[in-house]
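Novice: kindly return the folded structure for what I paste below:
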Amino acid sequence: MVCGDFGGIIGAEINYEILFGNYFLFFAGSLIGWGIELVFRRFFSANNQERKWINPGFLTGPYLPLYGFSLVILFLLSYIDVSFIENPHLQKLVLFGLMALCITFFEFIAGMIFIVGMKIRLWDYSKNWGNIKGIICPQFTFYWWLLSAIYYFLIHPKILEWLFWFTNHIEFSFVVGFFYGVLCVDLTYSLRIMTRIRHFARENKTIIHLVELQQQIRLKNEENKEKLHFWLTMKSEQIQLPEHLRVIFEKIRK
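Specialist: Down below sits the predicted model:
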């Protein structure tokens with residue numbers, strides 16, 4: 001199946017299918033992205049020297065919205081016409097480069113929103129060459145380029161099949177709807193925690209690194225022999241969140 005086969009759904013008379021399709025893509029991308037990050041942080045991340053399983057992101061559940069939006073972006077960009085470039089191989093290189101740049105730009109906007117609005121740094125590329133504000137860097141843009149190529153050749157045809165199936169089995173929308181319901185509850189819970197972090201960060205005029213905070217809580221839980229919470233990474237029975245934040249703040253000041 002080629003990419004153009006799905007062009008038939010692009011019409012005003014079936015806009016609801018496009019809408020549900022994007023809901024499904026966000027749903028699938030968020031779950032798949034969570035799995036990718038889970039494996040990356042377990043086996044490759046420099047911030048996890050103990051090589052333990054760490055729930056990635058700021059949400060509690062097994063999903064990462066950044067990847068959900070990224071999958072939607074990749075899907076839409078797959079239909080960009082690059083036929084003005086004669087060489088077919090160069091066409092693909094340019095298309096994948098455009099995909100990588102668009103996702104990198106989206107990643108930058110998302111990172112800045114959290115840093116400026118919430119005073120939280122979700123990830124840190126400050127040690128990577130050519131980074132911009134520690135949010136994006138050439139190395140991870142190159143990774144996005146590779147993922148764009150993998151998506152286009154291996155995943156995109158399957159997604160087209162999934163979307164055809166999904167638009168013909170609307171009853172599955174209840175599963176997707178349940179996902180969005182859980183996501184909304186999770187967002188509410190996580191935003192309450194982030195609001196407390198932002199309040200502390202503003203009072204102390206600092207930026208809190210989420211990964212360091214999660215590590216601090218995990219280490220203290222181990223010291224106190226508390227049960228480790230894979231999902232509730234901000235949860236500690238004996239030590240309150242402000243105390244963990246103060247420890248992180250003191251490390252930053254040194």
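Novice: residue closest to the middle of the chain?
Specialist: residue 66 (3.1 Å; CA atoms, centre = their mean).
Novice: which residues touch that one?
Specialist: Residue 66 sits next to 33, 57, 106-107, 110 when contact means CB atoms under 8 Å, 6 or more residues apart in numbering. C-beta: built from backbone N, CA, C; applies to glycine.
Novice: repeat that with 10 Å
Specialist: Going by CB atoms under 10 Å, 6 or more residues apart in numbering, residue 66 touches 29-30, 33-34, 37, 57, 103, 106-107, 110-111, 122-123.
Novice: over to residue 111?
Specialist: By CB under 10 Å, 6+ apart, the contact list for residue 111 reads 66, 120-125, 132-136.
Novice: and the gap between the residue nearest to the centre of the chain and residue 144?
Specialist: 11 Å (CB to CB, to the nearest Å).
Novice: joint contacts of the two?
Specialist: Common neighbours of residue 66 and residue 144, using CB under 10 Å, 6+ apart, are 103, 106-107.
Novice: so which of those residues sit within helices?
Specialist: The members of those that map onto helices under DSSP state H are 103, 106-107.
Novice: which residues of the stretch 101-250 of the chain fall in helices?
Specialist: 138-150, 156-167, 173-204, 210-223, 241-253 (DSSP state H, counting those that start in this stretch).
Novice: could you list the residues in contact with the first one?
Specialist: Around helix 138-150, the neighbours that count as contacts under CB under 10 Å, 6+ apart are 36, 40, 67, 70, 73-74, 77-78, 92-93, 95-107, 123, 125, 128-132, 136-137, 151, 155-156.
Novice: now stretch 121-133, how far from the centre of its chain.
Specialist: Here the centre of stretch 121-133 is set off from its chain's centre by 16 Å, with CA atoms, centre = their mean, to the nearest Å.
Novice: low-scoring pLDDT stretches of the stretch 51-200 of the chain, where are they?
Specialist: Within the stretch 51-200 of the chain, no stretch has pLDDT under 70.
Novice: let's see that with 80 instead.
Specialist: Low-confidence segments of the stretch 51-200 of the chain (pLDDT under 80): 160, 163, 166-171.
Novice: and residue 147, how many neighbours?
Specialist: The number of residues packed near residue 147 is 19, by other CB atoms under 10 Å.
Novice: for residue 200, that is, sorry about that
Specialist: 18.
Novice: now which of the contacts of helix 138-150 would you call buried?
Specialist: With neighbours counted by 16 or more other CB atoms under 10 Å, the contacts of helix 138-150 contain buried members at 67, 70, 73-74, 77-78, 92, 95-96, 99-100, 102-104, 106-107, 123, 125, 131, 136-137, 151, 155-156.
Novice: all set, thanks.
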